[in-house]
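Asks: Have a look; sequence and predicted model below, questions after that.
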Amino acid sequence: MTTNAAAKSTASFWRRCVIEAESRVDWLAARAALTPDKLALMIGQRRWTYGELDRLVNGLAAHLQAQGVQPGDFVAVLLPNSLAYVCLIHALARLDAVLIPLNTRLTAEEIAWQVGHVGAQWLVAQEKMAGVTGRWLTIDDGGWQSAHPPAVDRQPLALDQLQCVVFTSGTSGRPKGAMLTYGNHYASAQASAARLGVQANDLWLSVLPLYHVGGLAVVWRSCLVGTAVDLHARFDLEAINQALDSNPITLISLVPTMLHRLLESRTTWPDTLRLILLGGAAASPELLQQAQAAQLPVATTYGLTEAASQVATMLPPDVARKPGSAGKPLPGTTIDIVDENGRSLPPHTIGEIIVAGPTVMAGYWSAECGARSVEYRLRTPHSALRTHATGDMGYLDEDGDLWVVQRRSDLIVSGGENVYPAEVEAALKAHTTVANACVVGVPDPEWGQIVAALVQLKPDQTVTEAALLAFLREQLAGYKQPRRLRFTAELPQTASGKIARSAVTQIMAGPEVKG
């Protein structure tokens, strides 16, 4: 298929989805009918076309239906990235069951809480987990991968229908379950395609876990536009490099740590690579400079679970011009910066980031939602735009580009002065011995809060507390200086790999442990 023909096919499919949205088209079935022989999924050396994937999904849906899964049931999934997981995403949609993706790094106690919180009727995992109650489903026997699957009683799909409940990372307190609809995913895929573009040969290397909204977004977008996914179970540096060298990868999603490791491991990059979507955490100026020196097409992005992944994305030419910015909001999304009273702020004034648009979730799962159980349907129609107060702090510049500064909950107020931990952390990491740092506020009877820093040094590096504080005094105002500084071999992390600020706060608020 030529590029023009592929573009026309993609545009036609978008129009078809829009036209048939209320008649409830099955996205994968529609894609398989349009391009049955087009590559859909790669895992290692194995390949599946859209026609083959559709047959597998039909077999899995029939298998789940035979075991008792009903429309509206909540199905919790605890699996690594795999063919089975991709098929589950589509099969549950086909059955009108709701996906509850669970982080594979969680403890049994954390999983039990999440399963109980949403009242999941079914659990899918490679093996049963002690302490987690529910009806367990097994799909690893491969019986559902029949060449001639039985017919399945397909359920209609509507844009205002709940597709999944994705838990936030829980950097502070209990994680929340973000309720995402098919309309959220559809709008996200459409806006992402508009910002990043779509090519007939697009092959998206996805290493983000499918329990993460970024991983889910790649699956849905690729299905909707008819492109392929090269799926990896985890970030294995050797495997990723081999894929980049062997497969015609055009797009890849990475977090800054992944990009840093790739830059350290290779000096040449494939000509097919047209875009690196970099998100999940703020990229340091040094990392962006290294990427630009290697002439890599990095697109920085700001996203949220609550907004079905991408919110704002800056394309590579603008990243070189404005390193550190997340760019403009995606088509259909608006961003406002407000003060504590909800009033819009002028450019270059830090406030809370407010996101509005069709990608914004229906809300957080709560006991009131659970009261409606399997009969749950969203009250707000897909056509209604929702607004979400992100809790993140940032500002818009005169061009309307977003600059993310800090989580609002992480803001430190010391002696009436606002201190942004990200600024202090950047100053600490500018020291040659510091690998990473986390800055938090701890209660203080005189100042309200004091600035406290937990610092991780680079291997085989040493520095005294006095020397590091002297270095900071050259860079930061007095009220931003850490009044408490400690060293650690490794910073605590959440299950999703982010720094666990709540754990750091507990460490810094407690007595120092002499090693």
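Replies: Sure thing, it's come through.
Asks: ok, now how distant is the nearest residue to Ile100 once chain neighbours are set aside from Ala112?
Replies: Distances taken as C-beta to C-beta, 6 or more residues apart in numbering place Ala76 nearest to Ile100, at 4.1 Å, with adjacent residues excluded. The way it works is simple: take the backbone N, C-alpha and C, and place the C-beta from them, glycine included. Distance of Ala76 to Ala112, computed by C-beta to C-beta, to the nearest Å: 10 Å.
Asks: neighbour-wise, which of these two wins?
Replies: Using other C-beta atoms under 10 Å as the criterion, Ala76 and Ala112 rank with Ala76 on top: 25 against 17.
Asks: Look up which helix or strand that one falls in, please.
Replies: Assigned by DSSP states H and E, Ala76 belongs to strand 74-78.
Asks: can I get the CA coordinates of that strand in PDB?
Replies: The C-alpha trace of strand 74-78 is given here as PDB (Å, rounded to 0.1, in the frame of the first residue of the first chain):
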ATOM      1  CA  PHE A  74     -14.900  -6.200  36.400                       C
ATOM      2  CA  VAL A  75     -11.900  -8.300  35.400                       C
ATOM      3  CA  ALA A  76      -8.600  -7.500  37.200                       C
ATOM      4  CA  VAL A  77      -5.500  -8.500  35.200                       C
ATOM      5  CA  LEU A  78      -2.100  -9.100  36.700                       C
END
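Asks: ok, residues contacting it?
Replies: Applying C-beta atoms under 8 Å, 6 or more residues apart in numbering, the contact partners of strand 74-78 are 64, 69, 85, 88, 92, 97-102, 104, 111, 114-115, 118-126, 129, 134, 137, 165, 211, 374.
Asks: ok, then the element right after that strand?
Replies: Next along from strand 74-78, by DSSP H and E: helix 83-95.
Asks: which strands and helices sit next to the next helix or strand after that next one?
Replies: Moving toward the C-terminus from helix 83-95, the next helix or strand (DSSP H and E) is strand 98-101. Counting contacts by 3 or more C-beta pairs under 8 Å, 6 or more residues apart in numbering; DSSP states H and E, strand 98-101 packs against strand 74-78, helix 83-95, helix 108-118, strand 162-167.
Asks: Distance check, Phe288 against Ala294.
Replies: Quick fix: residue 288 reads Leu, not Phe. For Leu288, the distance to Ala294 equals 11 Å [C-beta to C-beta].
Asks: My guess is Trp447 contacts Glu417. True?
Replies: No - using C-beta atoms under 8 Å, Trp447 makes no contact with Glu417, being 9.2 Å away.
Asks: still on that earlier bit, per-residue confidence averaged over the strand holding Ala76?
Replies: Across strand 74-78, the average pLDDT comes to 96.
Asks: Okay, now the sheet partners of that strand, with direction.
Replies: Here strand 74-78 is paired, per DSSP bridges, with strand 98-101 (parallel), strand 122-125 (parallel).
Asks: Point out the other helices and strands that the next helix or strand after the last one packs with.
Replies: Moving toward the C-terminus from strand 122-125, the next helix or strand (DSSP H and E) is strand 135-137. In this structure, strand 135-137 makes packing contacts with strand 122-125, judged by 3+ C-beta pairs under 8 Å, 6+ apart.
Asks: Dump the strand it packs on to CSV, restricted to CA.
Replies: Output in CSV follows, covering the C-alpha atoms of strand 122-125 (Å, rounded to 0.1, in the frame of the first residue of the first chain):
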residue,chain,number,x,y,z
TRP,A,122,-12.6,-11.9,38.3
LEU,A,123,-8.8,-12.1,38.5
VAL,A,124,-6.5,-13.1,35.7
ALA,A,125,-2.9,-13.9,36.6
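Asks: Right, I'll call it a day here.
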